[in-house]
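> fold the following and give me the result.
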Amino acid sequence: MKFFAIILLTFLLVTFSFFPAAAPAQGQAREISVFIDGLAVNFDVQPVIQQNRVLVPFRAVAEALNIKVSWDNTTQTVEATGGGALVQMRVGNETAFRNGSPITLDVPPVILNGRVLIPLRFFSEAFDSKVAWDPATYSVEIISAPKEMKVVGFYALGDSRTSSWTNLFSRAYPERGTGHTDVVDELALGWYTFDGDGNLLTSSRIGWQRPLGWEDVLKAAGEYYLRTEMVIHATDRSGEISSVLSNQKAAAALIDAIAAEAALYDGVNLNFEEFGLSKSGEEPAAAQQLLTDFVRLLSVKLRAANKSLTLTIHPLNSAYKGYDYKALGELADQIIIMAYDYGPKPEPVSLVVQAIEMAKEIVPPQKLLLGISAYYETAESIVPKLGIAKRYELQGIALWRLGLVPREMWDVLRSNVL
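From the prediction side, this is the model:
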């Protein structure tokens, strides 16, 4: 993205062989907890305090921050690369090097029970990370450096209080300004649905519709270099999607209509929800094949016209099993994972992580975007969601929706996304 604001990383423990876990340093009151972007880091050896300095385990934090590390057992030297920095440290030596420049450490790296531990302060400086120690809770909070990620904003629904236009451009329609266009890369324009005959519609009974003055949205998007995709939204709650997809004539008509309308945009976003609701003893294969066949035919048309294809679908740990992630991942340019509506609000981090890990097993992470419902999150709770996108090296995030993103959340986005 486009704005620098804070941070990358940290400190780490390099594990080179298997040894018993190190005990806390003598006199240490309790174990130290470490969090990166709000996500807990698990260690086989705990961080310790020595000479009033926190020394931290290496490899677990390195992996969480996608930092590459190597160990030279002969010279007892650790080398770490990431974020444009090459860092070298030698056990017992108070001089470390960052990109060849010497830096004096408060405490030298040490080996405890076969593990290399390094001082927190050095890594906070070496990798430009923001690090905070809370002595009351014995915890370390790390905010990693801003990461280049795509941000998709859903431009849909809305009213005078939750206008997508006003939230994006920071001006009431038809006026516009830079607003938050420095954060958003792409607009998912929720303006379409379809009927049972495969006719493309610009309004629906549940409120999705193309607004008056929609051409102004496209013009403004062009002025601020924002990509646009037309979103076709439908739910299969009463079989609306499956009835069209299983009707060869209706499906063909819908594909032709979408391909023709796509000429106005950079691409297409299919938001087919509640498809393949899992029922006891029911196989999802038929529903999956139905959707995959439709997406395959549509993708051929769009590819010929040089238009992108995005799928906005439920996660693999939802009750909706009609999505063959492997096949769809091969056909689509990107998949937005709707990792929300699990029940508790804000969304449980553990379930969001599970959704991403399941998808990443099947689809390359550079094709995945984490869907985040701004309605359910806060400026504080969105931090670990962004941390998940960073840690798993996803293409980016998608915000549902513009009009619901408060100023404090925009500030957090700017601090985490380039």
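
> what helix or strand is residue 121 on?
Assigned by DSSP states H and E, residue 121 falls within helix 120-126.

> an error on my part: the question was meant for residue 387.
Here residue 387 is assigned to helix 382-391, by DSSP H and E.

> likewise for residue 131?
Using DSSP H and E, residue 131 maps to strand 130-134.

> so what touches the following helix or strand past that strand?
Per DSSP H and E, the first helix or strand lying C-terminal to strand 130-134 is strand 139-143. Identification of contacts with strand 139-143 by CB atoms under 8 Å, 6 or more residues apart in numbering yields 6-7, 9-10, 32-37, 47, 54, 56, 61, 120, 129-134, 383, 415-416. C-beta here means a position set from N, CA and C on the backbone, and glycine is covered the same way.

> tell me the buried residues in strand 139-143?
When neighbours are counted by 16 or more other CB atoms under 10 Å, the buried residues of strand 139-143 are found to be 140, 141, 142, 143.

> can you tell me the strand partners of that strand and which way each runs?
strand 33-36 (parallel), strand 130-134 (antiparallel) (DSSP bridges).

> for residue 195, find the nearest of those strands.
strand 33-36 (48.1 Å; CB to CB).

> average model confidence for the closest one?
For strand 33-36, mean pLDDT rounds to 94.

> need the residues that contact that strand.
Contacts of strand 33-36 with the rest of the structure, by CB under 8 Å, 6+ apart, involve 9-10, 40-41, 43, 47, 56, 61, 64-65, 137-144, 387, 391.

> can you show me the helices along the stretch 251-400 of the chain?
Here the stretch 251-400 of the chain has its helices, by DSSP state H, counting those that start in this stretch, at 285-304, 325-331, 349-360, 382-391.

> want to throw those into CSV with mean neighbour count?
CSV is the format used below for the helices of the stretch 251-400 of the chain (neighbours: other CB atoms under 10 Å):
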stretch, mean neighbour count
helix 285-304, 17
helix 325-331, 18
helix 349-360, 18
helix 382-391, 23
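
> in TSV: these, plus mean pLDDT and distance to residue 314.
Output for those, formatted as TSV (pLDDT from 0 to 100; distance: least, CB to CB, whole Å):
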stretch	mean pLDDT	distance to residue 314
helix 285-304	98	12
helix 325-331	99	10
helix 349-360	99	9
helix 382-391	97	17
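
> between these, which gets nearest to residue 88?
Among those, the nearest to residue 88 by CB to CB is helix 382-391 (24.8 Å).

> extract the CA atoms of the closest one and return them as PDB.
Extracted in PDB, the C-alpha atoms of helix 382-391 (Å, rounded to 0.1, in the frame of the first residue of the first chain):
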ATOM      1  CA  ILE A 382      -8.500  -5.800  14.100                       C
ATOM      2  CA  VAL A 383      -4.800  -5.800  15.100                       C
ATOM      3  CA  PRO A 384      -4.600  -9.600  15.400                       C
ATOM      4  CA  LYS A 385      -6.600 -10.000  12.200                       C
ATOM      5  CA  LEU A 386      -4.100  -7.900  10.400                       C
ATOM      6  CA  GLY A 387      -1.400  -9.900  12.200                       C
ATOM      7  CA  ILE A 388      -2.900 -13.100  10.700                       C
ATOM      8  CA  ALA A 389      -2.700 -11.700   7.200                       C
ATOM      9  CA  LYS A 390       0.900 -10.700   7.800                       C
ATOM     10  CA  ARG A 391       2.000 -13.900   9.500                       C
END
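
> starting at the chain centroid, how far to that helix?
Here helix 382-391 is found 6 Å from its chain centre; the criterion is CA atoms, centre = their mean, to the nearest Å.

> ok, residues contacting it?
For helix 382-391, contacts defined as CB under 8 Å, 6+ apart pick out 36-39, 64-66, 143-144, 147, 149, 346-347, 349, 352-353, 356, 369-370, 372, 374, 377, 394, 396-397, 409, 412-413, 416-417.

> and those, which are buried?
36-39, 64-65, 143-144, 147, 149, 346-347, 349, 352-353, 356, 369-370, 372, 374, 377, 394, 396-397, 409, 412-413, 416-417.

> where does the prediction get shaky in the protein?
1-29, 279-282 (pLDDT under 70).

> give me the domain ranges for it.
Domain assignment for the chain by automatic domain parsing gives 12-143, 150-416.

> would you map the strands across the stretch 101-250 of the chain?
Taking DSSP state E, counting those that start in this stretch as the test, the strands found in the stretch 101-250 of the chain are 101-104, 110-112, 115-119, 130-134, 139-143, 150-156, 186-194, 200-201, 227-235.

> can you put those in TSV and add distance to residue 290?
Below are these laid out as TSV (distance: least, CB to CB, whole Å):
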stretch	distance to residue 290
strand 101-104	60
strand 110-112	58
strand 115-119	53
strand 130-134	48
strand 139-143	44
strand 150-156	25
strand 186-194	15
strand 200-201	19
strand 227-235	13
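
> wait, which of those is closest to residue 241?
strand 227-235 (5.2 Å).

> now do that closest one against helix 285-304, angle only.
Strand 227-235 runs at 160 degrees relative to helix 285-304, counting by axes from the mean of the first three to the mean of the last three CA atoms, to 10 degrees.

> residue 339: which of the helices of the stretch 251-400 of the chain is closest?
In terms of CB to CB, the element of those nearest to residue 339 is helix 349-360, at 4.5 Å.

> quick one: contacts of that closest one?
Contacts for helix 349-360 (CB under 8 Å, 6+ apart): 38-39, 315-318, 325, 335, 337, 339, 342, 368, 370, 384-385, 388, 392, 394.
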